[in-house]
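Peer 1: I would like to see how this sequence folds:
(chains A and B)
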There are 2 protein chains.
Amino acid sequence: MRDPEHQGSVTALPITQPATAELISHGGDLDVARNRYPAAPEPWIDLSTGINPVPYPIPELATEAWSRLPTRAEEEALLAAAASRYRVPNSDMIAAAPGTQALIQLLPRLVRTSHVAVLGPSYEEHEACWMRLGHRVSVVGDLGQSEHADVVVVVNPDNPTGRVVSVDRLRAAASALAKRNGLLVVDEAFVDVLPQTASIASDLPPATIVLRSFGKAYGLAGLRLGFAIAEVSLATRIRSELGPWAVSGPALSIGEAALRDPHWLAAATARLQSDRRRLDAMLEAAGLAIVGGTPLFCLARHFEAVKIAEQLGHHGIHVRTFSREPQWLRFGLPGDEQDWERLATALSGA
Amino acid sequence: MRDPEHQGSVTALPITQPATAELISHGGDLDVARNRYPAAPEPWIDLSTGINPVPYPIPELATEAWSRLPTRAEEEALLAAAASRYRVPNSDMIAAAPGTQALIQLLPRLVRTSHVAVLGPSYEEHEACWMRLGHRVSVVGDLGQSEHADVVVVVNPDNPTGRVVSVDRLRAAASALAKRNGLLVVDEAFVDVLPQTASIASDLPPATIVLRSFGKAYGLAGLRLGFAIAEVSLATRIRSELGPWAVSGPALSIGEAALRDPHWLAAATARLQSDRRRLDAMLEAAGLAIVGGTPLFCLARHFEAVKIAEQLGHHGIHVRTFSREPQWLRFGLPGDEQDWERLATALSGA
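Peer 2: Predicted coordinates:
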């Protein structure tokens, strides 16, 4: 599709050049799997993400949610629902974005060129987005190794390992960062299905930004909705970077309804925990070792992980592999009984 | 809602400070009107925007559009539909964003600190977003006054005046800008309902970025969908700034269907042109002078415009006023016969 005739002379324009980042592979792009295993049975089962396979039911939407520009009152209603759900004392501390990825892209723009430590290996977009904007990024295996960083990024619980850093340790890190005018970023994309005590959002230390994803726990990743939680002046800055009407009318409406529905989330969490135990048992029976995860996904290890991923691919089941950790496989949860049975069959090598 | 306890010490963090921009007033925020005229009859008629009041019918959406992460193939299908609709030879020249506003926020980040000329007065977000990032911005009344600018921004047709700069003049401006390593930005938010010859997108000169809004002509502003069209390397840069999954699953799906439906757009354009004539006649009968517009809105002038806006407000009809031009009123089109009748009654002062 690249047409050199239209490639033009962008370097001659006043356009600045960003540091280039390698293309990151993600779960969720089923077309790639489909192309690789063209003879696999349809429909494909996508276990390559950590998205709840039983989504929050889409409520009846008013025509105006689609047709009108979202109003400030609608955005404030969503932020109030998010404040209530995340136990944040003041909805002015929250910024709503069209997906957490938009916030991951944005944060490196707010900070002067810094030394950034990402606790990892973890979700690769953090590392890539900070590097792309010219920050110096180190991946550190332990918070204790981040002493010289201006910015520390912790995905908590981690994706894909599920490692949880305690709120006490995060609070100590935030305190140390605040003393050296630094910043702590805690990406809580998968925290909704853990106990409330796993989140630092409800009692935010200074110099801390928390990211919360809507789509994963609520099973609505296509809706594009995520939040940043920070002190008011910083949240205001993030809202201003995003600009007006950043979140769609349907996302405002569905997000508000879902975040105001604690019963649905409690029931979903119980089901996910039970399904996760079932998944672990099934993977262990197939000879994989469970090395981590959250109620939304399981990280398993096998010395022939790549071969198992191929075997699953031939059965029309897509799981996440990791080029940096070739013995790892990440499994999302099957959504219905038929998918559980297809997974069991595929794992048995039949 | 501001709580000084959470205001914190953002200036002590490594956060950079942007130039502040004043809050811009926009059409479309009906809650403000509702608060101002609490005794006005419901439902309010919102004529304060230039959005088609008869939206493209929302097709049945697959559950996956909401639940799954949007795939690259879905995004490519949308870009192909946009390339076909906008007659762009190569869909790699297009970037899709969650609304044109996201692109207006983004462009000033791509360009080294420059002298920017905005042909105006025009849609205020351009001026504000370039200033906010530290660019030097002049508003010029004629393209001929932009000779010393590195970046020239033209809203074409203009909002709110409807002024159309010919493609030939734009092409000459682009050519002059290319010679001095500059950049031309043409915001074609309202061009869909004009003849094809009004758009420069189909034969893009060098050093030019065209912005296209989806929500206005298709009446789906809440969906949040807009496009940038530029040479491939620049479009690639814009896609990379937006990051993955920038556009929601519903917007990908609905956008593709609508952009592939020329018959709907042709019928909508014919209806809008006819409705615009009806609106002009009604406003002239009420003593207003028509000074501009497009088939999606009418700009009218009256020495007591503010008083007329108040009179309409008391009747539950919201129109756009302009603090810089207090004799101007912008009227969107009523969506059904009842709204036309209410407008006629309100204008007659009854």
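Peer 1: Do you have the helices of chain A handy? List them.
Peer 2: Assigned by DSSP state H, chain A shows helices spanning A:30-36, A:63-67, A:72-86, A:100-110, A:124-132, A:167-179, A:232-242, A:249-259, A:262-285, A:305-314, A:337-347.
Peer 1: Now mean pLDDT and distance to chain B too, for those, in a markdown table please.
Peer 2: Where C-beta positions appear, they are placed from N, C-alpha and C, glycine not excepted. What follows is these, written out as a markdown table (pLDDT from 0 to 100; distance: least, C-beta to the nearest C-beta, whole Å):
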| stretch | mean pLDDT | distance to chain B |
| --- | --- | --- |
| helix A:30-36 | 88 | 4 |
| helix A:63-67 | 95 | 4 |
| helix A:72-86 | 97 | 4 |
| helix A:100-110 | 96 | 4 |
| helix A:124-132 | 94 | 7 |
| helix A:167-179 | 96 | 8 |
| helix A:232-242 | 95 | 4 |
| helix A:249-259 | 98 | 3 |
| helix A:262-285 | 98 | 13 |
| helix A:305-314 | 96 | 17 |
| helix A:337-347 | 97 | 14 |
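Peer 1: Burial-wise, tell me which of these comes out on top.
Peer 2: The highest average neighbour count among the helices of chain A, using mean count of other C-beta atoms under 10 Å in any protein chain shown, belongs to helix A:249-259 at a mean of 25.
Peer 1: what's next to it, contact-wise?
Peer 2: A:56, A:58-59, A:61-62, A:64-68, A:70, A:74-75, A:77-78, A:81-82, A:84-85, A:96, A:98, A:214, A:218, A:220, A:223-225, A:247, A:264-265, B:222-224, B:248, B:250 (C-beta atoms under 8 Å, 6 or more residues apart in numbering or on different chains).
Peer 1: same check, this time on stretch A:75-89
Peer 2: The contact list for stretch A:75-89 (C-beta under 8 Å, 6+ apart) reads A:90-94, A:96, A:196, A:199, A:201-202, A:204, A:210, A:212, A:227, A:229, A:247, A:252, A:255-256, A:259-260, A:262, B:3, B:6.
Peer 1: Now do that stretch: distance to the chain's middle.
Peer 2: 19 Å (C-alpha atoms, centre = their mean, to the nearest Å).
Peer 1: and A:Leu79, how far is that from B:Glu325?
Peer 2: Per C-beta to C-beta, to the nearest Å, A:Leu79 is found 33 Å from B:Glu325.
Peer 1: Could you pull up the contacting residues of A:Ala97?
Peer 2: A:Ala97 makes contact with A:103, A:106, A:225-228, A:238, A:242, A:246-247, according to C-beta under 8 Å, 6+ apart.
Peer 1: before we move on, what about A:Arg224?
Peer 2: Applying C-beta under 8 Å, 6+ apart to A:Arg224 gives the contacts A:98-99, A:102, A:215, A:247-248, A:251, B:98, B:245-249.
Peer 1: One more: A:Thr321?
Peer 2: A:305-306, A:309, A:328-329.
Peer 1: With A:Asn159 instead?
Peer 2: By C-beta under 8 Å, 6+ apart, the contact set of A:Asn159 is A:50, A:122-123, A:189-190, A:294, A:297.
Peer 1: Which single one of the residues you listed is nearest to chain B?
Peer 2: Distances from chain B to those, taken as C-beta to the nearest C-beta, are shortest for A:Gly50 (10.7 Å).
Peer 1: Verify the stated contact: that closest one with A:Leu296.
Peer 2: Yes: between A:Gly50 and A:Leu296 there is a contact under C-beta atoms under 8 Å: 4.3 Å.
Peer 1: okay, and the common contacts of these two?
Peer 2: Common neighbours of A:Gly50 and A:Leu296, using C-beta under 8 Å, 6+ apart, are A:190, A:216, A:332.
Peer 1: Relative to B:Leu234, which of those is nearest.
Peer 2: Lowest distance from B:Leu234 to the shared contacts of A:Gly50 and A:Leu296 (C-beta to C-beta) belongs to A:Lys216, with 32.9 Å.
Peer 1: residues near the nearest residue to that closest one once chain neighbours are set aside, how many?
Peer 2: In space, and not counting its chain neighbours, A:Lys216 is closest to A:Ile51: 5.3 Å by C-beta to C-beta, 6 or more residues apart in numbering or on different chains. For A:Ile51, the count of nearby residues is 27 (other C-beta atoms under 10 Å in any protein chain shown).
Peer 1: coming back round to it: let me have the contacts of A:Thr321 in CSV, adding distance to A:Thr321 as columns.
Peer 2: Formatted as CSV, those follow (distance: C-beta to C-beta, whole Å):
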residue, distance to A:Thr321
A:Ala305, 7
A:Val306, 7
A:Ala309, 5
A:Trp328, 7
A:Leu329, 6
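Peer 1: What is the nearest of those residues to A:Ser175?
Peer 2: For these, the closest approach to A:Ser175 (C-beta to C-beta) belongs to A:Trp328, at 33.4 Å.
Peer 1: does the closest one really touch A:Cys298, like I thought?
Peer 2: No: if you go by C-beta under 8 Å, A:Trp328 and A:Cys298 don't touch, sitting 10.8 Å apart.
Peer 1: and these two? which has more neighbours close in?
Peer 2: Set A:Trp328 next to A:Cys298 and count neighbours by other C-beta under 10 Å: A:Cys298 wins out with 28 against 19.
Peer 1: Could you report the distance from the more buried one to chain B?
Peer 2: Distance of A:Cys298 to chain B, computed by C-beta to the nearest C-beta, to the nearest Å: 19 Å.
Peer 1: ditto for A:Pro326
Peer 2: 23 Å.
Peer 1: so of the shared contacts of A:Gly50 and A:Leu296, which ones are in strands?
Peer 2: Among the shared contacts of A:Gly50 and A:Leu296, the members found in strands (DSSP state E) are A:Gly332.
Peer 1: Count the residues that sit near the nearest residue to A:Ala178 once chain neighbours are set aside.
Peer 2: Excluding the flanking residues, the one nearest A:Ala178 by C-beta to C-beta, 6+ apart is A:Ala207, at 4.0 Å. A:Ala207 has 29 neighbours, counted by other C-beta under 10 Å.
Peer 1: So A:Ala207 is in contact with A:Ala176, correct?
Peer 2: No: A:Ala207 lies out of contact with A:Ala176 (C-beta under 8 Å); the separation is 9.4 Å.
Peer 1: What distance separates the opening and closing residues of stretch A:144-157?
Peer 2: Distance across stretch A:144-157, first residue to last, is 18 Å (C-alpha to C-alpha, to the nearest Å).
Peer 1: returning to what we had before: what is the nearest of the contacts of A:Asn159 to B:Val155?
Peer 2: Distances from B:Val155 to the contacts of A:Asn159, taken by C-beta to C-beta, are shortest for A:Ala189, at 38.1 Å.
Peer 1: Show the contacting residues for that closest one.
Peer 2: A:100, A:123, A:155, A:159, A:211-213, A:216.
Peer 1: So it versus B:Glu74, what's the distance?
Peer 2: When distance is defined by C-beta to C-beta, A:Ala189 is 22 Å away from B:Glu74.
Peer 1: go on, A:Ala178?
Peer 2: From A:Ala178 across to B:Glu74, the span is 43 Å (C-beta to C-beta).
Peer 1: And A:Gln338, by the same measure?
Peer 2: Distance from A:Gln338 to B:Glu74, counting by C-beta to C-beta: 25 Å.
Peer 1: okay if I get the helices of chain A as JSON lines plus distance to B:Ala344?
Peer 2: Output for the helices of chain A, formatted as JSON lines (distance: least, C-beta to C-beta, whole Å):
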{"stretch": "helix A:30-36", "distance to B:Ala344": "53"}
{"stretch": "helix A:63-67", "distance to B:Ala344": "23"}
{"stretch": "helix A:72-86", "distance to B:Ala344": "29"}
{"stretch": "helix A:100-110", "distance to B:Ala344": "44"}
{"stretch": "helix A:124-132", "distance to B:Ala344": "54"}
{"stretch": "helix A:167-179", "distance to B:Ala344": "61"}
{"stretch": "helix A:232-242", "distance to B:Ala344": "40"}
{"stretch": "helix A:249-259", "distance to B:Ala344": "30"}
{"stretch": "helix A:262-285", "distance to B:Ala344": "47"}
{"stretch": "helix A:305-314", "distance to B:Ala344": "65"}
{"stretch": "helix A:337-347", "distance to B:Ala344": "59"}
